[in-house]
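A.B. asks: Make a model of this:
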Amino acid sequence: MNPLRLAKNWLNYRRTVNELGSLSNQALNDIGLTRYDIRHVAARSFR
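C.D. replies: Just a heads-up that it's a prediction; the model follows:
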């Protein structure tokens, strides 16, 4: 994997984690997630 793509994927991962992390527990529950799920969902979407 080239370094530019790796950096872009990392930034997208962090953005996803930050955005989901900023949601309330109720909002996460509404979309079927828990705080524990955030990193797994973000990592899975950028594989």
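
A.B. asks: which ones are touching the closest residue to Arg39 other than its chain neighbours?
C.D. replies: The shortest distance from Arg39 to any residue that is not its chain neighbour, by Cβ to Cβ, 6 or more residues apart in numbering, is 6.2 Å, and that residue is Val17. C-beta coordinates here come from the backbone N, C-alpha and C atoms, glycine included. Contact criterion Cβ atoms under 8 Å, 6 or more residues apart in numbering gives 38-39, 42 as the residues in contact with Val17.

A.B. asks: now, which of these lie within helices?
C.D. replies: With helices identified by DSSP state H, the entries of the contacts of Val17 that belong to them are 38-39, 42.

A.B. asks: Redo these as a markdown table? Include distance to Ser24, pLDDT and neighbour count.
C.D. replies: Formatted as a markdown table, the entries for the ones in helices among the contacts of Val17 read as follows, by distance: Cβ to Cβ, whole Å; pLDDT from 0 to 100; neighbours: other Cβ atoms under 10 Å:
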| residue | distance to Ser24 | pLDDT | neighbour count |
| --- | --- | --- | --- |
| Ile38 | 13 | 97 | 18 |
| Arg39 | 18 | 96 | 14 |
| Ala42 | 18 | 94 | 19 |
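
A.B. asks: Output the residues you listed as CSV; include the columns distance to Leu6.
C.D. replies: As requested, the ones in helices among the contacts of Val17 are arranged in CSV below (distance: Cβ to Cβ, whole Å):
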residue, distance to Leu6
Ile38, 21
Arg39, 18
Ala42, 15
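
A.B. asks: of all those residues, which comes closest to Leu4?
C.D. replies: Ala42 (19.8 Å; Cβ to Cβ).

A.B. asks: For the nearest residue to the closest one once chain neighbours are set aside, pull up the helix or strand it's in.
C.D. replies: Counting by Cβ to Cβ, 6+ apart, Ala42 lies nearest to Thr16, which is 4.1 Å off, once chain neighbours are set aside. Secondary structure assigned from DSSP states H and E places Thr16 in helix 3-21.
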